[in-house]
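Peer 1: No sequence on hand, only this structure:
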């Protein structure tokens, strides 16, 4: 009993796949015809959006490099503070000045 039901499900799914494939092929054909009809428009799209893509990739990479440099500097500063804290006396560590970015009330 389960075999005919599975065959029905397979046959029902198969036309939808063919239908999707046909839609995709039809859309591709329309785009191809349009690109052949208006090559300068499509060329300008490629230049403009390709330029935006390159600019975005450049800025993204620059941002990642800056973040990496900041992480390295923060790690070096943290290690420096740890070494100064371990070498200084405990009484001096208790009287640490307040952070400069917060104004006293």
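Peer 2: Good, I have the coordinates. This is a predicted model, so every value here is computed, not measured. Residues are numbered from 1 along each chain as shown.

Peer 1: Tell me where this structure is predicted with low confidence.
Peer 2: Low-confidence segments of the chain (pLDDT under 70): 1-13, 15, 89-105.

Peer 1: just checking, what's the longest helix in this structure?
Peer 2: helix 39-87 (DSSP state H).

Peer 1: where's the residue nearest the centre of the chain relative to residue 17, distance?
Peer 2: When the chain is reduced to its mean C-alpha position, the nearest residue by CA atoms, centre = their mean turns out to be residue 60, at 8.8 Å. According to CB to CB, to the nearest Å, residue 60 and residue 17 sit 37 Å apart. (Each C-beta comes from the backbone N, C-alpha and C, glycine too.)

Peer 1: One more: residue 56?
Peer 2: Taking CB to CB, one finds residue 56 at 35 Å from residue 17.

Peer 1: And for residue 34?
Peer 2: 26 Å.

Peer 1: what about the two, which has more around it?
Peer 2: Neighbours were counted for residue 34 and for residue 17 using other CB atoms under 10 Å; residue 34 has more, 12 against 9.
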